[in-house]
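Engineer: model the structure of this input:
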Amino acid sequence: MTSYAFWNNKGGVGKSFLCFIAACEYAHKFPGSDVYVLDLCPQANVSETLLGGFPKGSKVMNDLLARKPRASIAGYLDARLSSPFRQLEDVDPYVCRPSGYNTAIPKNLSLICGDNLLEVQSEAIRQTSQLAVPYDSWKQVLRWIRDLTTALSSKSGDRPSVFIIDCNPSFAIFTQLALVAADHVIVPFTADDSSRRAVENVVTLLYGFTDAADVAPYTKISFAKKAKEEDLPTPTLHTFVSNRVTKYEGQPSKAFQAMIKAMKRTIDDIHAKHREVFSSTIEKPSTKFLFVPDYHSASIVAASTGTPLHKLTAGPKDFGGERVQINPPPLNDYRNKLTEVVDRL
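Structural biologist: Residues are numbered from 1 along each chain as shown. This is a model prediction of the structure:
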């Protein structure tokens, strides 16, 4: 069992789409494995895409959320809130097979659907984690999603199980649950300074490392400090994916190159000081950056129709009342670069 959380403390970096691609392409490449997508983002974008895109996926989601219990991550968390310190015997009601609704999705891929109820549940989850009895209530609650991955892995038996977890940008408690369930973090980013600062925030929030004097006092009461005290596992930083590379005349633009240099300096500096939180303690992270080119036509059609890359073909597409052209060379380049993301898993 191996689990990957896709997270950045900044929204709009394409993390949900990368989750979709990684899960579908891994399941396609390794049909003898079980791939589970856990959607811990209230927007549930990766769920909608897997279930058929828009509007089909949203209609399927409404049906799943109308079930008793809700066939979603919030349904699972509802059950845990009702019995906080006892693991569930049966997690089947919360799992669906997207291939039953979207035939483009590999049959060995399962989904625990996202749910906007997560936002409402977050305060109840936080309060439960603060109960005085049992003494380790915080640790037990923070392990709820890890308990789910363990139960699902057990159901897979001898089949290898891989978990792809989509996280919300905020560091809400449901994001913390997701990260505790992960072995590794994939960090997508775009070439701008807000992304660079967001990566610094990832390290501060998850591990408590910071050079900022005004932040340091808060690390004494932080998630990172408590996780260390309670011996709660935290994931390692695995791969940094520069998403939507901007090109000019076939080459990355100068502005893009400048921001990438700044990002590399920031991450390599963190690695030099805190190698223990990286999956690779020897190699500089900057030497392993992945660069995904910006190809809006392919990504928009794939996401909006729920079509994995291995199913997406070049040519004209009728999309949203418009005719969209997907050209073979950029599609092949896009597919090859995204395959590199899958190959890192």
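Engineer: what about the helices in the protein?
Structural biologist: 15-29, 45-50, 56-65, 73-82, 117-129, 137-142, 144-156, 173-181, 193-207, 223-229, 254-273, 296-305, 328-343 (DSSP state H).
Engineer: right, and these - which one's nearest Leu88?
Structural biologist: Shortest distance between Leu88 and the helices of the chain, using CB to CB, is found for helix 73-82: 5.7 Å. In this view, the C-beta of every residue, glycine as well, is placed from N, C-alpha and C.
Engineer: got the angle between the closest one and helix 56-65?
Structural biologist: Put simply, helix 73-82 runs at 20 degrees to helix 56-65, going by axes from the mean of the first three to the mean of the last three CA atoms, to 10 degrees.
Engineer: next up, the contacts around Leu88.
Structural biologist: Residues near Leu88 by CB atoms under 8 Å, 6 or more residues apart in numbering: 76, 79-80, 147, 151.
Engineer: how does it look with 10 Å?
Structural biologist: 76, 79-80, 82, 94, 144, 147-148, 151 (CB atoms under 10 Å, 6 or more residues apart in numbering).
Engineer: tell me how far it lies from Thr190.
Structural biologist: Distance of Leu88 to Thr190, given as CB to CB, to the nearest Å: 38 Å.
Engineer: pretty sure Val35 is touching Ala22, no?
Structural biologist: Yes: with contacts counted by CB atoms under 10 Å, Val35 reaches Ala22, the gap being 9.0 Å.
Engineer: what's the overlap in contacts for the two?
Structural biologist: Shared contacts of Val35 and Ala22, defined by CB under 10 Å, 6+ apart, comprise 162, 164, 345.
Engineer: which of those residues fall in strands?
Structural biologist: Using DSSP state E, the members of the shared contacts of Val35 and Ala22 that fall within strands are 162, 164.
Engineer: out of the shared contacts of Val35 and Ala22, which one has the lowest pLDDT?
Structural biologist: Lowest pLDDT among those: Leu345, with 92.
Engineer: which one of the shared contacts of Val35 and Ala22 sits closest to Met259?
Structural biologist: Taking CB to CB as the measure, Leu345 is the one of those closest to Met259, at 26.2 Å.
Engineer: my read: the closest one touches Phe30, true?
Structural biologist: Yes: Leu345 lies in contact with Phe30 (CB under 10 Å); the separation is 9.5 Å.
Engineer: check contacts around Asn45.
Structural biologist: 15-17, 19-20, 39, 54, 57, 114, 166, 303.
Engineer: what does Met263 give?
Structural biologist: 189-193, 195-196, 199, 240, 242, 285-286, 289.
Engineer: tell me the most buried of the helices of the chain?
Structural biologist: Comparing those by mean neighbour count (mean count of other CB atoms under 10 Å), helix 45-50 ranks first with a mean of 28.
Engineer: gap between that helix and the chain center?
Structural biologist: Put simply, helix 45-50 sits 12 Å off its chain's centre (CA atoms, centre = their mean, to the nearest Å).
Engineer: cool, and stretch 38-56?
Structural biologist: 12 Å.
Engineer: send the alpha carbons of that stretch over as CSV?
Structural biologist: Only the C-alpha atoms of stretch 38-56 are listed here, as CSV (Å, rounded to 0.1, in the frame of the first residue of the first chain):
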residue,chain,number,x,y,z
LEU,A,38,-9.9,9.8,-2.1
ASP,A,39,-11.4,13.2,-2.7
LEU,A,40,-10.8,15.3,0.4
CYS,A,41,-11.6,18.6,-1.3
PRO,A,42,-15.1,20.0,-0.8
GLN,A,43,-15.3,21.2,-4.4
ALA,A,44,-15.0,17.6,-5.5
ASN,A,45,-13.6,18.4,-8.9
VAL,A,46,-11.7,15.2,-9.3
SER,A,47,-14.9,13.2,-8.5
GLU,A,48,-16.9,15.1,-11.0
THR,A,49,-14.3,14.5,-13.7
LEU,A,50,-14.0,10.7,-12.9
LEU,A,51,-17.8,10.3,-13.0
GLY,A,52,-18.1,11.8,-16.5
GLY,A,53,-17.3,15.5,-16.4
PHE,A,54,-19.9,18.2,-16.6
PRO,A,55,-22.9,17.9,-16.5
LYS,A,56,-23.0,14.1,-16.3
